[in-house]
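Chemist: What follows is a predicted protein model with its sequence.
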Amino acid sequence: MRKIFFANNQIYHIFNRGTDKRKIFLSKSDYERFLLNSSILNDSESTPRHLSRFDLENPNVIKFKSKPLVEILCYCLMPNHYHMLIRQRTQNGISKFMHKLQMGYSKYFNTLYDRSGNLFQGSYKAVPIKKDNQFKYIPLYIHMNPLDLLENEWKEKGIKDLQKGINFVKEYKWSSLRNYINCSTVPYLDMRIISDLYSPGDWEEEIISFLSSSNVRHRVSDAVSDISYV
């Protein structure tokens with residue numbers, strides 16, 4: 001296993017899953033709490049000890065941070081794992097942010113569900129995005145992950161009902177795809193870089209191309225490279 005050095009302004013694909021493949025999100029409030037943490041804990045300054053629940057649809061509840069550790073470019077939260085595309089803003093920003101994010105959410109989850117021990121399967125995984133094909137297809141790949149809930153062999157065999165798959169990922173609540181399609185800003189998502197890559201009207205056409213049976217294996221291969229453990 002190799003470790004990587006996180007460089008400022010470099011983009012990384014960050015992901016992890018629950019220990020023993022267990023579910024890490026059991027309710028709507030759990031998903032909301034993870035997103036709340038990803039905003040509040042993304043700060044070089046001190047972090048409040050007590051975090052309250054909030055309405056994610058209200059953009060005025062939390063403010064954008066003046067000294068963020070990272071920029072979250074896109075994300076997808078699945079029942080037993082998560083994916084995030086992150087750009088580092090400050091020295092050791094990703095390491096600090098991910099430590100606070102996973103530790104904070106684990107403490108919340110274990111307290112709420114009266115459990116102890118590790119929630120996540122070891123440390124998170126990180127892949128630096130260095131190639132043009134990676135950068136082009138990784139936002140699509142991250143946003144396509146909900147298809148695992150619809151057809152779990154879509155990566156190998158393609159999607160059987162293309163329009164059903166498109167509608168499913170567009171309506172999936174716990175990914176940033178809806179923000180990009182609807183141009184809806186939230187405090188935990190920096191949309192500038194990906195919006196320059198794909199306009200709101202581009203997404204459906206790009207999803208169709210990504211999921212077409214002749215392209216899906218190639219596109220997934222372009223998006224995903226070797227895992228690095230940090």
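Modeler: Happy to help now that I have it.

Chemist: can you give me the helices for this protein?
Modeler: 28-40, 93-112, 132-144, 154-157, 162-171, 177-182, 192-197, 203-211, 216-223 (DSSP state H).

Chemist: how about the ones you listed in CSV, adding distance to residue 84?
Modeler: All C-beta atoms are positioned from the backbone trio N, CA, C, and that covers glycine. What follows is the helices of the chain, written out as CSV (distance: least, CB to CB, whole Å):
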stretch, distance to residue 84
helix 28-40, 8
helix 93-112, 9
helix 132-144, 8
helix 154-157, 19
helix 162-171, 17
helix 177-182, 14
helix 192-197, 12
helix 203-211, 19
helix 216-223, 14
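
Chemist: ok, residue 206 touching residue 199?
Modeler: No: with contacts counted by CB atoms under 8 Å, residue 206 stays clear of residue 199, the gap being 10.0 Å.

Chemist: Pick out whichever of these two has more residues nearby.
Modeler: residue 206 (17 against 11; other CB atoms under 10 Å).

Chemist: Report the contact partners of the more buried one.
Modeler: The neighbours of residue 206, taking CB atoms under 8 Å, 6 or more residues apart in numbering as the test, are 140, 198.

Chemist: any idea how far it lies from residue 137?
Modeler: 9 Å (CB to CB, to the nearest Å).

Chemist: Then residue 103?
Modeler: Distance of residue 103 to residue 137, computed by CB to CB: 31 Å.

Chemist: The two - which one has more neighbours?
Modeler: The neighbour count for residue 103 versus residue 137, taken as other CB under 10 Å, is higher for residue 137 (22 against 14).

Chemist: What pLDDT is listed against the more buried one?
Modeler: pLDDT recorded at residue 137 is 93.

Chemist: I figured it hits residue 210, correct?
Modeler: Yes: contact criterion CB under 8 Å: residue 137 and residue 210 qualify, at 6.9 Å.

Chemist: list residues touching both of the two?
Modeler: residue 219.

Chemist: what about stretch 178-187, average pLDDT?
Modeler: 94.

Chemist: Can you list the buried residues in that stretch?
Modeler: Neighbour-count burial for stretch 178-187 flags 179-181, 186-187 (criterion: 16 or more other CB atoms under 10 Å).

Chemist: can you check stretch 26-46 too?
Modeler: So, applying 16+ other CB under 10 Å, buried residues of stretch 26-46: 30-43.

Chemist: Can you tell me which of these lies closest to residue 157?
Modeler: Lowest distance from residue 157 to those (CB to CB) belongs to residue 31, with 28.5 Å.

Chemist: if I look at the closest one, how far off is residue 150?
Modeler: 18 Å.

Chemist: can you check residue 113 too?
Modeler: 27 Å.

Chemist: Those two: who's more crowded?
Modeler: Between residue 113 and residue 150, counting by other CB under 10 Å, residue 150 is the more crowded of the two (16 against 11).

Chemist: What is the neighbour count of the closest residue to that one other than its chain neighbours?
Modeler: Excluding the flanking residues, the one nearest residue 150 by CB to CB, 6 or more residues apart in numbering is residue 168, at 5.2 Å. If you count neighbours by other CB under 10 Å, residue 168 ends up with 17.

Chemist: Show the pLDDT at residue 168.
Modeler: Reported pLDDT for residue 168: 96.

Chemist: for it, what are its contacts?
Modeler: 146-147, 149-150 are the contacts of residue 168 under CB under 8 Å, 6+ apart.
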